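Asker: No letters, just coordinates:
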Ligand code: ADP
């Protein structure tokens, strides 16, 4: 990879941030923004000072997913900045990863064979940049209806072979999409729920 633009020096404005976490996916629509938002609010709920930055400039979701009254901090002194990355592993993503000193990455995918190549690309990009991929979230892995569990994808755990330490399954939950649309993150709306527990585990490992 090319040298970072700010060789050896942190960009001004990022110097007061302890940890910068990239939430990344290789395809659009797999739930990256949903995971970025809920992860950020989980970390804040754990007592950390947290900011969230929507770097998905061509398809920003945060203005909808976080209503003004639920907003986290602006820049400033932060324990965590969560970056909702643009989907993919092209030049924009690469440059962003080179400019911003990332602490760790979380990759979001759906659990299907089709996603395997994309996850591999993401893992390769972060590994080249020496950014540890601490977790993969296999989103929309199942849903429950009529007392049965359904697996809308082929339910392959796509990431076992990448040696990423933590793997999380997140089910399809109507509440999760409704909360995204209403500007009130699910982990804030239902802090004791099953979804909130999954995000607490994810929060501990970033
Ligand atoms: P991306 O950032 O990858 O494009 P989004 O986070 O915007 O994806 O999610 C795409 C859509 O799917 C949104 O409408 C969101 O509310 C919904 N969604 C994401 N994850 C889930 C889930 N686990 N259960 C239900 N809906 C979800």
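Answerer: On my side now, so go ahead. Keep in mind that what you see is a predicted model, and the values were worked out from it rather than measured.

Asker: Which residues in the helix or strand where residue 63 lies does the neighbour count mark as buried?
Answerer: Assigned by DSSP states H and E, residue 63 belongs to helix 62-65. Using 16 or more other Cβ atoms under 10 Å as the burial criterion, the residues of helix 62-65 that qualify are 62, 65. Bear in mind the C-beta positions are built from the backbone N, C-alpha and C, glycine included.

Asker: Can you report how many residues neighbour residue 99?
Answerer: 13 (other Cβ atoms under 10 Å).

Asker: tell me the pLDDT at residue 40?
Answerer: Per-residue pLDDT puts residue 40 at 95.

Asker: go on, residue 157?
Answerer: Model confidence at residue 157 (pLDDT) stands at 69.

Asker: Contact residues of the chain facing the ligand?
Answerer: 25, 28-34, 61, 139-140, 170, 172-173, 176-177, 180 (Cβ under 6 Å from any ligand atom).

Asker: quick revisit: give me the contacts around the helix holding residue 63.
Answerer: If you take Cβ atoms under 8 Å, 6 or more residues apart in numbering as the criterion, helix 62-65 is touched by 33-34, 37, 52, 54, 84, 180-181, 183, 185.

Asker: Just among the residues you listed, which is most surrounded?
Answerer: residue 37 (30 neighbours).

Asker: contacting residues for that one?
Answerer: 52, 61-62, 65-66, 84, 180, 185.

Asker: my read is it is in a helix, agree?
Answerer: Yes. Assessed with DSSP: H, G, I helix; E, B strand; the rest coil, residue 37 lies in a helix.

Asker: can you map out the helices along the chain?
Answerer: Taking DSSP state H to define them, one finds helices in the chain at 32-45, 62-65, 91-99, 113-128, 174-182, 186-189, 194-205.

Asker: Compute the inter-axis angle for the fifth one and helix 32-45.
Answerer: Computed with axes from the mean of the first three to the mean of the last three Cα atoms, to 10 degrees, the direction of helix 174-182 lies at 90 degrees from that of helix 32-45.

Asker: With the third one instead?
Answerer: Comparing the axes of helix 91-99 and helix 32-45 via the same axes, to 10 degrees yields an angle of 20 degrees.

Asker: which helices and strands does helix 91-99 pack with?
Answerer: If contacts are counted by 3 or more Cβ pairs under 8 Å, 6 or more residues apart in numbering; DSSP states H and E, helix 91-99 sits against helix 113-128.

Asker: Output the contacting helices and strands for the helix it packs on.
Answerer: strand 17-24, helix 91-99, strand 104-109, strand 133-139.

Asker: Tell me which residues of that helix come out buried.
Answerer: For helix 113-128, using 16+ other Cβ under 10 Å, the buried residues are 115-116, 118-123, 125-126.

Asker: Ok, stretch 14-25 next?
Answerer: Under 16+ other Cβ under 10 Å, the buried positions of stretch 14-25 are 17, 19-25.
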